[in-house]
Each structure stands twice: as C-alpha cells, then as structure tokens.
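K.L.:
Got a sequence here, can you model it:
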Amino acid sequence: MLVAAAVCPCPPLLVPEVAGGAAAELDAARTACSHALGVLAAARPDRLVVVGPADENGRGPHPQGSRGSFRGFGVDLSVRLGPGGAPSGRELPPSLAVAGWLLEQTGWADAPIEGLGVGEPLAPERCLEAGREIGARAGRVALLVMGDASACRTLKAPGYLDERAAPFDAEVARALGSADVVALAALDAELAYELKASGRAPWQVLAGAAEGANLTGTLLYEDAPYGVGYVVAAWS
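P.N.:
Numbers count the residues shown, from 1 in each chain. Prediction:
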C-alpha cells in the first residue's frame, strides 16, 4: 500500500557540482526536495520505489546499489541508488542518478530502495497499471517520483516558448500539490510530449499507485528558472 510520495524535478543542475557557479539559483528547489524526502522518511515505509523518465537504455528496473554518474554533464561525480545492494550492469538514467544524489544528501537508510526507469512513450493506461502494481504490494510502500514539467516556458527554454506551457504547468502543479489522482491520470500524453514534459509518465505511475490510498498533497515549490517547469510536492 502506498503510504507517502515525494515529487521532485530531475535536472542534473540540482547537483551543485554540475551547476557550478549557478548552483545557488536552485537552492530553493533543493531545500524543497529535502523537505519532501523528509515526508517519506516520516512515513516509515518498508520499501522506497524511485521512478523517473529514461531513454531506451535506462528503462525498466534498477536494483538498490545501482550506479550512475554525471560524467556526461562534464563532472566526474558518481552516485548510487541507495547504500549497499548488488548493482546491475546498467548505469542509472540521469533522472535516477539525480534521485540517488538527493537520497545521499539526506543519508537515506530507512528502507530498501529500487528504481524504475519509465519511457516517455509509455501510454497513460500502462503507466497507471505499473503504478497499481506498485501500490498493490504488501507492506508500506513510498514513492520518489522524478520528472520535469514543460520545457517551453520562455524564448530561451530548451523547447522555445509555447503559450500552452504555462497553463499545462499550472494544472500539473495544482494536481501534484493537491494529490489529484484523477487529474494526473487525465494528463494529455501528446501535449506533454510536445511541451517536452518529461514527468508525465512518472506522474501517471504515481497516480496509479495512489488510487484508493487517500493521500493528501502539499505543494512545496513551483518555478521555471530556466524556462523549464520544476515542481516539488509531498503526499502523505
């Protein structure tokens, strides 16, 4: 049964070593992520499942201890998905590497961890079904859900300016902040793709896992500092 969830953005810039001189620009987002992870720890879960967007190489399960790095972003920094464990031969996708870094910052050792990389093309119903399988597990399960909102909020954004981006992000922030499972399940996958919103599939996994859990949400952060929507929320 799902007992808590944290939603965090997944830009590698959250890692100060990657951001370099611009690290302070995301201090508020990092603080919010820390608070969200605190909600997970307070729920005392028996297992933490980390879900994030991934390309073809990173999709599927990643066991505890799996390794990732930020070398692809010019920084010789490695992370692991939780302490110990038997790492797989695959490297963590960037979203789960950022999650691993966040967990290392909080010293997470409260419960076993596993990762799940979700592909952007995964249809909403399949995302919901994957979430339902997680939510149906025995014991107390918590989710750490990684993903960004649109990348089209400004002219300098990665996807350039799209007038649909701000309303889309506002609805995402509202749904995540209020634990609105129905609204998350109803997100338009095609629109999310056009707006380069990497979090759509992971958020819909969360929606499936949270069905019937009656969790309440709190919006901890919402901004678009680089023209990309970043949302932090906690459910408990």
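
K.L.:
contacts, neighbours, all on C-alpha from now
P.N.:
Will do.

K.L.:
Other residues contacting the biggest helix by length in the chain?
P.N.:
Scanning the chain for the longest helix, with DSSP state H as the assignment, gives helix 27-42. Here helix 27-42 makes contact (C-alpha atoms under 8 Å, 6 or more residues apart in numbering) with 4-8, 14, 102-103, 106, 108, 110, 142-144, 220-221, 232-236.

K.L.:
buried sites along that helix?
P.N.:
Residues 29-30, 32-37, 39-41 are the ones in helix 27-42 that count as buried (16 or more other C-alpha atoms under 10 Å).

K.L.:
same thing with stretch 176-188?
P.N.:
Buried, per 16+ other C-alpha under 10 Å, within stretch 176-188: 176-181, 183-185, 187.

K.L.:
Restricted to helices, list those.
P.N.:
Going by DSSP H, the helices hold 176-177, 181, 183-185 from the buried residues of stretch 176-188.

K.L.:
Which pair in those has the greatest spatial separation?
P.N.:
Greatest spacing in those, by C-alpha to C-alpha: Gly177 and Ala185 (14.5 Å).

K.L.:
Okay, now the unreliable bits of this structure?
P.N.:
In the predicted model, the chain carries pLDDT under 70 at residues 85-88.

K.L.:
In it, mark out all the helices, start to finish.
P.N.:
Counting by DSSP H, the helices of the chain are 16-19, 27-42, 94-106, 124-135, 165-177, 181-185, 189-194, 200-210.

K.L.:
chain center to the longest helix of the chain: distance?
P.N.:
12 Å (C-alpha atoms, centre = their mean, to the nearest Å).

K.L.:
quick one, that helix and helix 94-106 angle?
P.N.:
On the basis of axes from the mean of the first three to the mean of the last three C-alpha atoms, to 10 degrees, helix 27-42 is oriented at 70 degrees to helix 94-106.

K.L.:
number of nearby residues for the nearest residue to Pro61 once chain neighbours are set aside?
P.N.:
Of all residues not flanking Pro61 in the chain, Leu116 sits nearest, at 4.5 Å (C-alpha to C-alpha, 6 or more residues apart in numbering). Counted with other C-alpha atoms under 10 Å, the neighbours of Leu116 add up to 22.

K.L.:
residues contacting Leu116?
P.N.:
49-52, 59-62.

K.L.:
cutoff 10 Å now
P.N.:
49-54, 58-63, 92-93, 96, 145, 202 (C-alpha atoms under 10 Å, 6 or more residues apart in numbering).

K.L.:
again, but for Arg44
P.N.:
Contacts of Arg44 (C-alpha under 10 Å, 6+ apart): 3-4, 110-111, 140-142.

K.L.:
how close does it sit to Arg153?
P.N.:
Relative to Arg153, Arg44 is positioned 37 Å away (C-alpha to C-alpha, to the nearest Å).

K.L.:
what's the answer for Thr31, then?
P.N.:
Applying C-alpha to C-alpha to Thr31 and Arg153 gives a distance of 23 Å.

K.L.:
before we move on, back to that, make JSON lines out of the ones in helices among the buried residues of stretch 176-188 and add distance to Leu191.
P.N.:
Putting these into JSON lines (distance: C-alpha to C-alpha, whole Å) gives the following:
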{"residue": "Leu176", "distance to Leu191": "18"}
{"residue": "Gly177", "distance to Leu191": "21"}
{"residue": "Val181", "distance to Leu191": "18"}
{"residue": "Ala183", "distance to Leu191": "14"}
{"residue": "Leu184", "distance to Leu191": "13"}
{"residue": "Ala185", "distance to Leu191": "14"}
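
K.L.:
okay, which residue is most central for the chain?
P.N.:
Met146 (0.8 Å; C-alpha atoms, centre = their mean).

K.L.:
Might one say that that residue is in contact with Gly52?
P.N.:
Yes - at 4.7 Å, Met146 and Gly52 qualify as touching, with contact defined as C-alpha atoms under 10 Å.
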